[in-house]
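Enquirer: take this sequence and fold it.
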Amino acid sequence: MKKILVIGATGSCGAYTAVGLKEKGFNVVAVAHRKSDNGFFEEKGIPFYSIDIKNKETFDVLPTDVDAVLHFAGTLPSKMKGYNPQEYVDSVLTGTLNVLEWMRTNGCKKIVFTQSIADILYKFGTTEPIDDDVERKFPLTGDHSVYSICKNAAVNVIEHYHAQYGFQRFIVRLPTIYCYKPNPFYHVNGERRWLGWRYIIDQAMKGNTLEVWGNPDSMKEMVYVGDFVNMMECCIKAEHDGGVYNMGCGHPVSIEYQIKKIAEVFNSDKKSDIVYRPEKASSPQFVLSIEKSRRELGYEPKYDFEAFLKSFKHDMETEPMAKIWGRKEDYYTDK
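Expert: You can find the predicted model right below:
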């Protein structure tokens, strides 16, 4: 079975992917920046290596007989306290170049790279599905700007390695990939905030009133991590040169439907009332075309929104990643 290097294996997508691919029979190697995984991967028969993606010398510890690299590493705006744009240049752009050079040196010519959806923000606001191969751009303002510029530049460097050295490259454009993590917070412009959807779940569990802001019919891609793992498997198995592929759920859902389903799945004894606040700002609306992913990769989403919520609830109750992420009591506050 193919040996797959998962770089960024202790992150949200990385941990679920490493474990999921192992369960599917792949020979998985987990790689991350943190020094220890607290024995999490070893328990699952997955070797773990610590490297600094910004320092190519640290790659020397890695096995060299690798068939494909899944490259998820790099600093995220949502995880950054304060603002340090140099970190994006170093981890996203230089880090990707280090990965590519390590691959070239060791004869591995298949890379799967996760691309930010920020490259198509200019297409948001319509229900018309956005094609995979539209022009890539990036926002010039905001905390995602330098990050998006670096992600786009990294894609261009990957394309160079495809043209120059014959790499197979699968650039997977991601909306938010939803999964359970005990930390319900993120950062905007360096400041900590509740994740909106996690706050709604928290309020539903308490039986509190839920609010539908703006246009209740605004549509959004709700992609569960289980489908992300399936997409990664499709990329690994693909034999063609690759390209850019949208990662979508195949059935975008409205804000109203999301909140009603969250109430249904997470309400305990007390049922939440739902009120409408049309004066509030609507969520950004977008729909991704996944026809190319279906046609060229054989990708087919398996999780509808209700199945996603039920799987999320199960993980919330069992906390399968506690060894690497901690438990909810390590993060949770009522603030």
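
Enquirer: wait, what's in contact with Ile117?
Expert: By C-beta atoms under 8 Å, 6 or more residues apart in numbering, the contact list for Ile117 reads Arg173, Leu174, Pro175, Phe286. All C-beta atoms are positioned from the backbone trio N, CA, C, and that covers glycine.

Enquirer: farthest pair within those residues?
Expert: Spanning the widest gap among those are Leu174 and Phe286, at 12.4 Å by C-beta to C-beta.

Enquirer: of these two, which one has the most company?
Expert: Taking neighbours as other C-beta atoms under 10 Å, Leu174 and Phe286 compare with Phe286 leading, 23 against 19.

Enquirer: and the contacts of Ile117, which is closest to Gly25?
Expert: Distances from Gly25 to these, taken by C-beta to C-beta, are shortest for Leu174, at 24.7 Å.

Enquirer: helices along this structure, start to end?
Expert: Taking DSSP state H as the criterion, the chain contains helices spanning 12-23, 40-43, 85-88, 95-106, 145-165, 196-205, 225-237, 255-266, 291-292, 305-318, 322-325.

Enquirer: just the closest of the contacts of Ile117 to Phe59, please.
Expert: Among the contacts of Ile117, Leu174 lies closest to Phe59 (C-beta to C-beta), at 24.7 Å.

Enquirer: so the closest one makes contact with Tyr245?
Expert: No. Applying C-beta atoms under 8 Å, one finds Leu174 not in contact with Tyr245, separated by 10.1 Å.

Enquirer: about what we covered before: can you put the helices of the chain in TSV and add mean pLDDT?
Expert: Listed next are these as TSV, based on pLDDT from 0 to 100:
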stretch	mean pLDDT
helix 12-23	97
helix 40-43	97
helix 85-88	92
helix 95-106	98
helix 145-165	96
helix 196-205	94
helix 225-237	98
helix 255-266	95
helix 291-292	98
helix 305-318	96
helix 322-325	96
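
Enquirer: now mean neighbour count and distance to Ile51 too, for the ones you listed, in CSV please.
Expert: Listed next are these as CSV, based on neighbours: other C-beta atoms under 10 Å; distance: least, C-beta to C-beta, whole Å:
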stretch, mean neighbour count, distance to Ile51
helix 12-23, 22, 13
helix 40-43, 17, 14
helix 85-88, 16, 17
helix 95-106, 20, 9
helix 145-165, 18, 17
helix 196-205, 18, 31
helix 225-237, 21, 20
helix 255-266, 18, 38
helix 291-292, 15, 33
helix 305-318, 16, 28
helix 322-325, 18, 16
